[in-house]
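Enquirer: Give the three-dimensional model of this entry:
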Amino acid sequence: MEATHGPRVFPLDRDRALVEAARADPAAFEPLYRKYVAQVYNLAVYELHDPHEAEDATERAFLAALAALPRFREGATAADGQDASTFKVWLFRIARNAIAERRRTLRRHPETSLDALAMTPAPTDVEAIAVHNEAAAAAWQAVASLPDDRRQAVVLRFVHELSTAEIAAILGRSEGAVRVLIHRGLRRVAAQLGERR
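Expert: Numbering: from 1, shown residues only. You can find the predicted model right below:
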């Protein structure tokens, strides 16, 4: 069988058509927003632990992405696979920065949410207390106690189901480094859960 040598074909970013439409007309950004808003919001809720703060961070992330869209450069390669979306990675980087900025602001100017108080079950509300699964709460507490880079890698992998390549691009690390972060994070979570028994 004879090998054919033709032009090398690279996969297209799966969001290319939507990005090009939004570049031509900012009003056409809505399909990208609808496609990724839930994922960005979920990341923000997990990181900020407050739905209102998460909404704010999500809004800021999408506004920043829309403003920076003319500077976005597609970077999908053959190694990324046919489902690659460098736009998604780029957007998650922007979201990560918006979340980090909101965290810094909250640390400098702490606020107490009335919603958080309203969601806390009364000590006499046995049914509400029973709803809280102790094992799940312990696991999420262990994940939350991880160093930032490990926590973010674990959440991006298992909550948002991103590939190690996507996580590497978002965190600015190599894929090998991401695998190490996830492995060490999971090992630490397992150790903490083992200590609780």
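
Enquirer: okay, which residue is most central for this protein?
Expert: Centrality entry for the chain: nearest residue to the mean C-alpha point is Leu43, 4.4 Å, by CA atoms, centre = their mean.

Enquirer: buried sites along the host helix or strand of that one?
Expert: According to DSSP states H and E, Leu43 maps onto helix 30-48. Of all the residues in helix 30-48, those buried under the rule 16 or more other CB atoms under 10 Å are 32-33, 36, 39-41, 43-48. All C-beta atoms are positioned from the backbone trio N, CA, C, and that covers glycine.

Enquirer: wait, what's in contact with the residue nearest to the centre of the chain?
Expert: Going by CB atoms under 8 Å, 6 or more residues apart in numbering, Leu43 touches 92, 95-96, 99, 155-156, 159-160.

Enquirer: Quick check: pLDDT value at it.
Expert: Looking at Leu43, its pLDDT reads 91.

Enquirer: Now do Val159 against Arg187, distance only.
Expert: Distance, Val159 to Arg187, by CB to CB, to the nearest Å: 18 Å.

Enquirer: go on, Leu146?
Expert: Distance, Leu146 to Arg187, by CB to CB: 10 Å.

Enquirer: of those two, who's got more company?
Expert: Between Leu146 and Arg187, counted using other CB atoms under 10 Å, Leu146 has the larger neighbour count: 20 against 11.

Enquirer: Got phi/psi on that one?
Expert: phi -70, psi 150 (degrees, to the nearest 10).

Enquirer: Is the nearest residue to it once chain neighbours are set aside within a helix or a strand, and which one?
Expert: Take Leu146 and drop its neighbours on the chain: the residue closest to it by CB to CB, 6 or more residues apart in numbering is Gly185, 5.1 Å away. Using DSSP H and E, Gly185 maps to helix 175-196.

Enquirer: What average pLDDT does that helix get?
Expert: 82.

Enquirer: In it, which residues are buried?
Expert: The neighbour-count check on helix 175-196 (16+ other CB under 10 Å) flags 177-179, 181-182, 184-186, 188-189, 192 as buried.

Enquirer: What is the nearest of these to Ala67?
Expert: Using CB to CB, Val178 comes nearest to Ala67 of the buried residues of helix 175-196, at 28.4 Å.

Enquirer: check contacts around that closest one.
Expert: With CB under 8 Å, 6+ apart, Val178 has these contacts: 153, 164, 167-168, 171.

Enquirer: quick one: it from Ile170, how far?
Expert: For Val178 relative to Ile170 (CB to CB), the value is 9 Å.

Enquirer: go on, Pro147?
Expert: Counting by CB to CB, the separation of Pro147 from Ile170 is 16 Å.

Enquirer: again, but for Ala138
Expert: Distance of Ala138 to Ile170, given as CB to CB: 27 Å.

Enquirer: Between those two, which has more neighbouring residues?
Expert: Applying other CB under 10 Å to Ala138 and Ile170 shows that Ile170 carries more neighbours, namely 24 against 15.

Enquirer: before we move on, which element is the closest residue to Leu181 other than its chain neighbours in?
Expert: Leaving out its chain neighbours, the residue that sits closest to Leu181 by CB to CB, 6+ apart is Ala153, at 4.0 Å. Secondary structure assignment for Ala153, by DSSP H and E: helix 148-158.
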